[in-house]
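# below are the sequence and a predicted model for it; my questions follow.
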Amino acid sequence: MAETLSLADPFTVPTRHWHRLDDGRLQCDACPRACKLREAQRGVCFVRGRVDDQVVLTSYGRSSGYCVDPIEKKPLNHFLPGTSVLSFGTAGCNLACRFCQNWDISKSKEVDRLSDAAPPETIADAALELGCASVAFTYNDPVIFVEYAVDTADACREKGVRSVAVSAGYATDATRRELYGAVDAANIDLKGFTDDFYRHVAMGELQPVLDTLRYIRHETDTWLEITTLLIPGMNDSDAELHEMTAWVAGELGPDVPVHFSAFHPDYKMRDVPPTPPSTLSRARRIAMEEGLRYVYTGNVHDRAGDTTLCPSCGAEVIERDWYELRSWKLTGDGHCRACGAAVAGVYDGPPGEWGARRVPVQLKTGRAVRR
């Protein structure tokens, strides 16, 4: 059974984003679900709930596990390429996607007491010790543990470590500004481009996600990339892909990288076939026709779909093989060596050399231990 809510739990902390309704319930304002809670009730995300007449977060400082990944796995292709990132998540989620690829974490209704736990400062220290250029809030959505994510981003910044939010962007304006303004980069999962898809497949709404994308792009210095998981027959039509990528080009600009990734049968959609590689290639072609300069295919072996091209002369400036950088033809500040044109992104000298390694770690007594 799931544990009861209690402020005596060291992982439970008061939150900021809520208000009292006339009928005595408290409304959580972290995301557009606006869960209305009576005493001892939890929200849809499960990790936010009401105790002692306030809304609390029950997963502060408690993680489902830590792993050192290539930054390209987030996926971020234009943010400190080749470097490693310390990745972690908590439990729960504020959406209910039928196709969830991380359902064992995001749909969890409990957090094991033996799971790896660490305060923000310990995570920042571990990233330094492990040689990671950044820390990523991933596996489940940082919107639902915004207080922990923002405190960790602040602790990382003090030590010269960047922070990354891997998120569905399903946030209210207040949470949107607190979270995405605090991190250095974000990959937003734009799950589809119709209200019907969000309502019936992701169990949410499209508009808040579009608002998040506009906010990050136009009101912050946070580096932005977008990922869309293409599901056969659901969000992969030519018409929807044209509409979505035209919106990105027009509303966010042609320099925002877009990643199309392949669905595989999982969670509540095991009867849907996997996405063929040709669908990803078709989506990439459509996006480039709509004016996007940096479009990638994911979850498939596709050299063309992994490669970054100079938007001016067309030279292959970053050649990738899955998460490995094979060739690098940029200056340290991100200009094409062939023609001198700027390639959008965040660069810091030569590329990293982490490669495709994935290294699980534990944080114990303030130190990182490889598992």
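On my side now, so go ahead.
# residue 65 and residue 358, how far apart?
Distance, residue 65 to residue 358, by Cβ to Cβ, to the nearest Å: 12 Å. Heads up, the C-betas are built off the backbone N, CA and C, glycines and all.
# swap in residue 288?
Residue 288 sits 30 Å away from residue 358 when distances are taken as Cβ to Cβ.
# in the stretch 51-200 of the chain, which spans are helices?
103-106, 120-130, 146-158, 173-180, 195-197 (DSSP state H, counting those that start in this stretch).
# show the subsequent helix or strand relative to the shortest one.
So the one you mean is helix 195-197. Helices and strands here follow DSSP states H and E; after helix 195-197, the next one along the chain is helix 207-219.
# touching, residue 171 and residue 31? I think so.
Yes. Using Cβ atoms under 8 Å, residue 171 is in contact with residue 31, at 5.6 Å.
# common neighbours of those two, please.
143, 208 (Cβ atoms under 8 Å, 6 or more residues apart in numbering).
# which residues does residue 290 contact?
242, 245, 246, 248, 249.
# more crowded one of residue 288 and residue 358?
Neighbours of residue 288 and residue 358, each counted by other Cβ atoms under 10 Å, are more numerous for residue 288; the result is 17 against 12.
# per-residue confidence for that one?
At residue 288, the model reports a pLDDT of 98.
# for the closest residue to it other than its chain neighbours, name its beta-bridge partners.
Leaving aside its sequence neighbours, residue 288 sits nearest to residue 295 (Cβ to Cβ, 6 or more residues apart in numbering; 5.5 Å). When bridges are taken as DSSP bridges, the partners of residue 295 come out as residue 258.
# report how many residues lie close to residue 295.
Residue 295, neighbours per other Cβ under 10 Å, totals 22.
# okay, now the unreliable bits of the stretch 1-150 of the chain?
Residues of the stretch 1-150 of the chain that meet the criterion pLDDT under 70 lie in 1-3, 8, 101-115.
# domains in the protein, by residue range?
Following automatic domain parsing, the chain resolves into domains at 13-57, 65-360.
# so which of those domains gets nearest residue 5?
With respect to residue 5, and counting by Cβ to Cβ, the nearest of the domains of the chain is domain 13-57 at 4.1 Å.
# how far off centre is the closest one?
Taking the mean of its C-alpha atoms, domain 13-57 sits 24 Å from the chain's own mean (Cα atoms, centre = their mean, to the nearest Å).
# now do that domain: distance from first to last residue.
Across its full length, domain 13-57 reaches 5 Å end to end, with Cα to Cα, to the nearest Å as the criterion.
# list the residues that contact residue 182.
When contacts are counted by Cβ under 8 Å, 6+ apart, residue 182 is found next to 149, 150, 153, 154, 163.
# can you classify residue 221 by secondary structure?
coil (DSSP: H, G, I helix; E, B strand; the rest coil).
# distance check, it against residue 184.
Between residue 221 and residue 184 the distance, using Cβ to Cβ, works out to 8 Å.
# so between those two, which is more surrounded?
The neighbour count for residue 221 versus residue 184, taken as other Cβ under 10 Å, is higher for residue 184 (22 against 8).
# residue 298: how many residues sit nearby?
The number of residues packed near residue 298 is 21, by other Cβ under 10 Å.
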